[in-house]
Each structure stands twice: as C-alpha cells, then as structure tokens.
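# sharing a sequence plus its predicted fold:
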Amino acid sequence: IQINLALGIPNTPINIPMNIGGPPKTFFEEVVDINHSRNRAILTRGSTQAQISNTSGAAVHLRGMYRKIGATTPLKEPPLRLEVSADDQDKVDKAIREIRRKMGDCPLKAFPYSELCSLGVDPPRRGFDAVQEISGPDREFLRYLEGETGCEIILCGPGAPPPYDSRVFDDLKVYIGARELSPVVQAVALVDNLLDTVRTKIRQFCPPKQSKFSQLPPQPPPQAMHPQQQ
C-alpha cells in the first residue's frame, strides 16, 4: 500500500483482492505526522483513537516511536504517526479532520534527524524585520541552504510565516530536518553563521543604552576662599 506522507493529500485508491475469486476491495490510507504536535499525549491514547474511529468509520492506528529534536542515536522506528484507513475516502477525510482538530496546531514535520537553532535575542519591535533578515526575500536564504545541504529548513516561532508562527517557541528558531545526520550537522553550522549575522545587525540597530549611573554627576566649581578664611 502506498502511504501518502504529504499530510492531508488523498492517496490514489488501490485494489486489494480480499477473497480468492471474489471482487477486489478498494481501500484508502493516509498518514498524519503527530511526532512534534503539542497535543501528542492526547493523540497517542487508545481511547482517543477509538473515539475518532467510531465517529468517522475509519480505522486509526498509532505507529512509530517518539523522536526528539536533536536526537543523534540510530533510528529504530519511524517517528510517531497515526495511520488512517477505510474503504471510503470520505471516512478517511473525516478522521483526518478530527485528528487535526485535536492537534490544535500545525506541527513541524518529523525527520529521523533534526535540530533547532535559536536566534536567542529579542529583535526590535519596529524598524527591523528579523524574519526577512533570516529567511531572505521569498525565503531566498533558507532555500539556498536547503539546496546546499539537502535538508528541510523552516523558520518558526513568533512572527514566522504561517503555519509555523506558533507561540510554542519563545523566540524565532530555525528547524532543520533530514533523513541522515551529516546533512543536519552541515546545515546547523551554516544556519548558526546566518543567525550570528542577524544578531550583529540587531546589536547595531539597537546599541546598548548607557546607564544613568555610568557617569558621575557634574561637580560644582570650587568656591574661592574669603580672605578672612585664609
């Protein structure tokens, strides 16, 4: 069975002979990546999957193992996902909609190897476009890094383009994912260099304010002594 890993895109129906000599049965199957969903704990419950199955008429099964961002150990199983199957595409679509409703967000796509690089500073609220400085015009900078490394590179966090503008992250971060570890290591070095450049621009745009206590207050001029005081 071909499993469509592109979320929300229906698979082409296939014919599976269910009984020898009988007519073939058409099944539809899709996969929803839940590994990085903030509501992952709810979606991995058997009771949640049973409820979705009962209301949609589709079979819902949990597959894979949770894969943490930054993990470098060899992958034993694919990242967490829900497999949805039925003999009717409408049933599959209904189950997918319910899964996404429970997810409540658009999680980052899970990869066998991934990493997060953080900007680490608060950009100015006015006059400085940190998103543009990181991603470039029409994602030019990030697309270039994707071409150089073969990784998928996504800007996420407050102010990032939808659907990755989630407040799950405190600041802007760059997510890097790939099926092998070495491209991720290469991409992290390149992204860190890019973020260093952006941090320098932020410091130049907002020079540190001088403390009002950094200088001594002006001293009054010395008073001339009266002749009788000499």
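Perfect, thanks for sending it.
# got the contact list for G127?
G127 sits next to F205 when contact means Cβ atoms under 8 Å, 6 or more residues apart in numbering. Backbone N, C-alpha and C define where each C-beta goes, glycine included.
# which SS class is it?
Counting by DSSP: H, G, I helix; E, B strand; the rest coil, the backbone at G127 sits in coil.
# and it, what are its phi and psi?
The phi/psi pair for G127 (degrees, to the nearest 10) reads phi 80, psi 0.
# now do E146
Main-chain dihedrals, E146, degrees, to the nearest 10: phi -60, psi -40.
# got it, and P107?
Main-chain dihedrals, P107, degrees, to the nearest 10: phi -70, psi 160.
# ok, now which ones touch it?
Contacts for P107 (Cβ under 8 Å, 6+ apart) come out as D33, I34, N35, H36, S37, R38.
# wasn't the third one part of a strand?
No - when three-state DSSP is applied, N35 is found to be coil, with no strand at that position.
# and it, what does it touch?
N35 neighbours (Cβ under 8 Å, 6+ apart): G64, Y66, R67, P79, L80, R81, P107, A110.
# the first one reaches K76, doesn't it?
No - checked against Cβ atoms under 8 Å, the pair G64 and K76 is beyond contact range at 9.7 Å.
# and those two? Which one has more around it.
Ranked by neighbour count (other Cβ atoms under 10 Å), G64 and K76 place G64 first, with 19 against 8.
# residues contacting that one?
Residues near G64 by Cβ under 8 Å, 6+ apart: N35, E77, P78, P79, L80, R81.
# and the buried ones among these, selectable in ChimeraX?
Buried members of the contacts of G64, defined by 16 or more other Cβ atoms under 10 Å, are picked up in ChimeraX with:
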select :35,78,79,80,81
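# out of the contacts of G64, who's nearest R45?
L80 (12.5 Å; Cβ to Cβ).
# give the full set of residues in contact with the closest one.
Counted by Cβ under 8 Å, 6+ apart, L80 has contacts D33, I34, N35, R40, T44, L62, R63, G64, M65, Y66, R67, A110.
# state the distance from it to A95.
Separation of L80 from A95 (Cβ to Cβ, to the nearest Å) stands at 17 Å.
# equivalent analysis for G127, please.
Going from G127 to A95 by Cβ to Cβ gives 47 Å.
# before we move on, back to that, of the contacts of L80, closest to S85?
Set against S85, the nearest of the contacts of L80 by Cβ to Cβ is R63 (11.5 Å).
# bridging residues for that closest one?
Residues in a beta bridge with R63, per DSSP bridges, are R81.
# now the helix or strand where N54 lies: buried residues?
N54 is located in helix 46-56, with elements delineated by DSSP states H and E. By 16+ other Cβ under 10 Å, the buried positions in helix 46-56 come out as T48, Q49, I52, S53, S56.
# show me what that helix is in contact with.
The contact list for helix 46-56 (Cβ under 8 Å, 6+ apart) reads 42-43, 58-62, 82, 86, 91-92, 94-95, 98-99, 102.
# out of these, which sit inside strands?
Per DSSP state E, strands hold the following members of the contacts of helix 46-56: A59, V60, H61, L62, L82, A86.
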